[in-house]
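Asker: let me see the structure of the following:
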Amino acid sequence: MRGVSFAIALLAIVSCGKTKVTAPNAPAPSLISNVTRADYAGSAACAPCHGELHDRWMKTPMHGMTRRIENTAVDAPFDGTVFHFKRDFATLETHGGRKYVRLEAAEKAASVLYRVTKVIGGRYREDFAGVEVTSTDENAETKGEDKILPVSFMRGTKELRYKGYSVMEKERPGLRASGEWRRRCIFCHNTEPYLDIVLAGLGGLGGEGAKPYQGVVVDALLPPPLRATYRVLDDDAFVQALYTEVRTLDANDAVSVARSKSNAIAIDRATASIRARFDEKDLLEVGIGCESCHNGSKAHANDPRIRPSLWPKAPWLSVTPPAGSDEKVQAINRACARCHQVLFSAYPFTWEGGLRAKDAGGSHINSGEARDFLLGGCASKLACTTCHDPHDPKGVARADDAVCTTCHGKYASPDAHRAHAHHDPKGAGGACVACHLPKKNMGLEGRLVRYHRIGSPNDKVRVEHDRPLECALCHTQKTVKELIESLEAWWGKVYDKKALEDLYGPLEGSPVLATLDRGKPHEQALAIALAGEARLRPAVPYLVAHATHPVPLLRYWTVDALARIFGARPDVDLHRENAEIQKKVRAWVASRGFVLP
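Answerer: Numbering: from 1, shown residues only. Okay, here's the model as predicted:
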């Protein structure tokens with residue numbers, strides 16, 4: 001490309017933790033690069049100087065997002081426990097200290113054995129990856145590569161669940177190992193060179209790089225005014241970096257990258273190779289290491305005067321934050337958004353009436369928080385770390401009004417706060433987060449969590465495109481009409497009544513019940529949770545129907561809601577056939593004295 005000949009140079013690496021001897025008053029060197037494989041030192045290099053932070057981080061669930069099975073303890077019962085799913089079943093076994101999942105499909109009358117290789121997650125549930133083997137012998141032949149196994153262990157309830165039902169996917173016919181681990185989980189749950197994920201922000205002709213993918217830079221998923229700008233400053237140096245990285249994966253692919261006639265072609269070829277070939281052996285660390293957020297820090301480990309950077313740095317790269325934003329804040333928020341963006345999943349709908357394929361609104365479920373935050377009104381000045389300490393093993397978030405009044409000082413006094421919020425500042429409804437970060441998203445533990453796109457419940461787009469009205473999150477007994485009248489009176493708004501009738505039907509009805517009846521699945525999930533929290537008995541017929549919802553994740557939420565309403569948990573196995581589930585749920589509800597129509 002452009003007459004450049006590519007040669008491979010052996011880099012002399014200075015041992016981590018050994019600093020160079022310099023003159024006492026010598027100026028601090030500048031960071032040159034932190035994005036290529038050669039720029040990374042590993043988390044262990046951080047410990048000598050940052051021991052307390054390093055040790056705290058190593059104890060966080062985030063760090064342990066991927067763990068090799070031989071290096072970790074698990075709570076799931078690998079003791080012969082059998083998990084039934086429709087007519088299939090999985091047995092969790094241990095042989096010679098090794099853990100296995102044996103899948104048996106009724107339709108094939110045969111079993112497939114997987115040796116567990118990795119534990120994924122662990123804060124709320126344990127998921128597993130494994131490789132197919134011919135037997136439980138230590139040296140048994142393996143077939144294929146690591147796949148996502150179809151059984152999860154819920155740590156809170158101590159029960160096994162079908163893994164495919166942990167996200168908004170449709171009903172499955174049986175137990176099957178799903179996609180390859182390296183294509184489904186590897187970039188968000190481990191540490192890889194930043195170069196491998198930044199390509200999505202540098203353009204290309206389309207192709208593989210235009211598809212949503214795990215753990216890439218988030219900007220393509222933001223409206224243009226909110227995007228950072230990524231530019232290549234030196235074409236030859238950029239392609240050299242791509243060549244060097246791709247060569248670790250495949251020599252022929254690297255030659256193809258080097259021969260590209262343009263940067264766009266080189267990006268597409270490198271992206272295709274990375275997504276097709278990147279595997280565990282190519283990781284910098286298994287699990288999320290310090291440099292997943294701080295970028296390559298070998299230069300800093302070798303010479304502490306060289307400050308690490310959350311912004312990507314390379315001689316061939318320029319990154320410009322969105323206009324009018326705080327550069328440090330943007331760097332922090334984008335570090336979080338590499339993984340907390342969730343939009344690579346297949347569920348098509350978002351909040352604000354959006355579609356994932358175009359003009360996407362906010363996410364409805366855990367792991368989209370950082371992208372949602374970047375969509376909101378405060379992300380140009382407020383960092384994720386203002387409320388969340390990433391090094392805290394307990395993950396406790398700060399959510400007091402003082403965070404908000406740092407910028408919005410005019411609402412700091414109780415009288416001004418009350419006049420703005422129309423709620424008692426000392427009550428739960430008067431907290432800033434009650435209205436501006438409402439609990440309307442699905443948490444991994446089966447409870448509602450805060451929606452991080454900071455906005456207002458009186459926002460016209462939210463009111464006219466989402467169900468139920470955000471005011472109904474607390475005021476579950478009020479009608480659509482009553483809530484709309486309050487919004488219009490308090491904030492001088494006027495809403496399209498025809499649009500509201502299209503959402504809810506008659507405005508004299510309940511927004512929660514109407515959402516249960518006619519909402520999109522993520523809206524219904526919120527309404528199901530609200531019905532349970534408020535113990536809305538009129539919701540029971542809808543909940544019974546949702547016990548076999550086409551999106552099975554909602555079935556678990558439905559059973560939890562019924563348990564709250566009736567004070568006892570329904571005796572029903574949600575992994576059976578739909579007819580059996582409906583029969584069981586209806587009989588259980590009838591046994592509680594409730595007459596179904």
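Asker: for the rest of this, base every contact and every neighbour count on C-alpha atoms.
Answerer: Noted.
Asker: count of neighbours near the closest residue to residue 411 other than its chain neighbours?
Answerer: Excluding its sequence neighbours, the residue lying closest to residue 411 (Cα to Cα, 6 or more residues apart in numbering) is residue 417, at 4.8 Å. Residues lying near residue 417 (other Cα atoms under 10 Å) number 20.
Asker: what's near enough to touch residue 417?
Answerer: Applying Cα atoms under 8 Å, 6 or more residues apart in numbering, we find residue 417 in contact with 411, 425, 430.
Asker: now it: how far from residue 452?
Answerer: 21 Å (Cα to Cα, to the nearest Å).
Asker: for the nearest residue to residue 75 once chain neighbours are set aside, give me the pLDDT.
Answerer: Residue nearest to residue 75 in three dimensions, not counting chain neighbours: residue 155, with 7.3 Å by Cα to Cα, 6+ apart. Looking at residue 155, its pLDDT reads 94.
Asker: residue 119 - how many residues pack around it?
Answerer: 23.
Asker: thought it was touching residue 128?
Answerer: Yes. Using Cα atoms under 8 Å, residue 119 is in contact with residue 128, at 4.7 Å.
Asker: for the residue nearest to residue 75, grab the count of nearby residues.
Answerer: Residue 155, neighbours per other Cα under 10 Å, totals 17.
Asker: I'd say it and residue 124 touch.
Answerer: Yes. Assessed by Cα under 8 Å, residue 155 is found in contact with residue 124 at 5.5 Å.
Asker: list the contacts of the spatially most central residue of the chain.
Answerer: Closest to where the C-alpha atoms of the chain average out (Cα atoms, centre = their mean) is residue 367, at 2.4 Å. Contact analysis of residue 367 by Cα under 8 Å, 6+ apart lists 339, 340, 341, 342.
Asker: quick one: contacts for the nearest residue to the last one once chain neighbours are set aside?
Answerer: So the one you mean is residue 342. Computed as Cα to Cα, 6+ apart, the closest residue to residue 342 that is not its neighbour in sequence is residue 368, at 4.8 Å. By Cα under 8 Å, 6+ apart, the contact list for residue 368 reads 337, 340, 341, 342, 343, 362.
Asker: dump those residues to TSV, plus distance to residue 251.
Answerer: TSV is the format used below for the contacts of residue 368 (distance: Cα to Cα, whole Å):
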residue	distance to residue 251
337	32
340	33
341	32
342	32
343	32
362	40
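Asker: which one of the residues you listed is nearest to residue 48?
Answerer: residue 337 (28.4 Å; Cα to Cα).
Asker: doesn't residue 373 make contact with that closest one?
Answerer: No. Between residue 337 and residue 373 there is no contact, the gap being 9.0 Å when judged by Cα under 8 Å.
Asker: hmm, back to that, any idea how far residue 475 is from the residue nearest to residue 411?
Answerer: For residue 417 relative to residue 475 (Cα to Cα), the value is 20 Å.
Asker: hmm, back to that, could you check how far the residue nearest to residue 342 is from residue 340?
Answerer: Counting by Cα to Cα, the gap from residue 368 to residue 340 is 5 Å.
Asker: also residue 206?
Answerer: In terms of Cα to Cα, residue 206 sits 23 Å off from residue 340.
Asker: those two: which has the busier surroundings?
Answerer: Using other Cα under 10 Å, the more surrounded residue of residue 206 and residue 340 is residue 340, with 22 against 13.
Asker: next one, pLDDT for the residue nearest to the centre of the chain please.
Answerer: At residue 367, pLDDT is 89.
Asker: give me the element it is part of.
Answerer: Secondary structure from DSSP states H and E places residue 367 outside every helix and strand.
Asker: next one: residue 573
Answerer: Assessed by DSSP H and E, residue 573 sits outside every helix and strand.
Asker: could you double-check that it lies in contact with residue 583?
Answerer: No. Using Cα under 8 Å, residue 573 is not in contact with residue 583, being 11.2 Å away.
Asker: neighbour count winner among those two?
Answerer: Shown here are residue 573 and residue 583; by other Cα under 10 Å, residue 573 has more neighbours (16 against 12).
Asker: residue contacts, that one?
Answerer: residue 581.
Asker: ok, it to residue 561 distance?
Answerer: Taking Cα to Cα, one finds residue 573 at 15 Å from residue 561.
Asker: repeat for residue 178
Answerer: 30 Å.
Asker: likewise for residue 137?
Answerer: 45 Å.
Asker: settle it for me: which of those two has more neighbours?
Answerer: Using other Cα under 10 Å, the more surrounded residue of residue 137 and residue 561 is residue 561, with 27 against 11.
Asker: can you confirm the more buried one is in a strand?
Answerer: No. Read with DSSP: H, G, I helix; E, B strand; the rest coil, residue 561 is helix and lies in no strand.
Asker: residue contacts, it?
Answerer: Contacts for residue 561 (Cα under 8 Å, 6+ apart) come out as 528, 529, 531, 532, 533, 535, 543.
Asker: returning to what we had before: and the next element down the chain from the helix or strand harbouring the residue nearest to residue 411?
Answerer: Taking DSSP H and E as the definition, residue 417 sits inside helix 414-421. On the C-terminal side of helix 414-421, the closest following helix or strand by DSSP H and E is helix 432-436.
Asker: got the contact list for that following helix?
Answerer: By Cα under 8 Å, 6+ apart, the surrounding residues in contact with helix 432-436 are 399, 400, 401, 404, 428, 429, 454, 455, 456, 457, 470, 471.
Asker: between those residues, which sits nearest residue 313?
Answerer: Nearest to residue 313 out of these is residue 454 (Cα to Cα; 29.9 Å).
Asker: ranges for the helices of the stretch 451-597 of the chain?
Answerer: Along the stretch 451-597 of the chain, counting by DSSP state H, counting those that start in this stretch, helices occupy 460-465, 480-491, 497-504, 511-518, 521-534, 540-546, 553-566, 578-591.
Asker: make CSV out of these and add distance to residue 302 and mean pLDDT.
Answerer: Shown next, in CSV, are these (distance: least, Cα to Cα, whole Å; pLDDT from 0 to 100):
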stretch, distance to residue 302, mean pLDDT
helix 460-465, 51, 97
helix 480-491, 57, 96
helix 497-504, 60, 97
helix 511-518, 58, 98
helix 521-534, 49, 98
helix 540-546, 58, 98
helix 553-566, 48, 98
helix 578-591, 61, 97
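Asker: CSV for these, including distance to residue 29?
Answerer: Formatted as CSV, the helices of the stretch 451-597 of the chain follow (distance: least, Cα to Cα, whole Å):
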stretch, distance to residue 29
helix 460-465, 49
helix 480-491, 54
helix 497-504, 60
helix 511-518, 59
helix 521-534, 51
helix 540-546, 62
helix 553-566, 53
helix 578-591, 66
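Asker: what's the closest of those helices to residue 67?
Answerer: Comparing the helices of the stretch 451-597 of the chain under Cα to Cα, the one sitting nearest is helix 553-566, at 25.4 Å.
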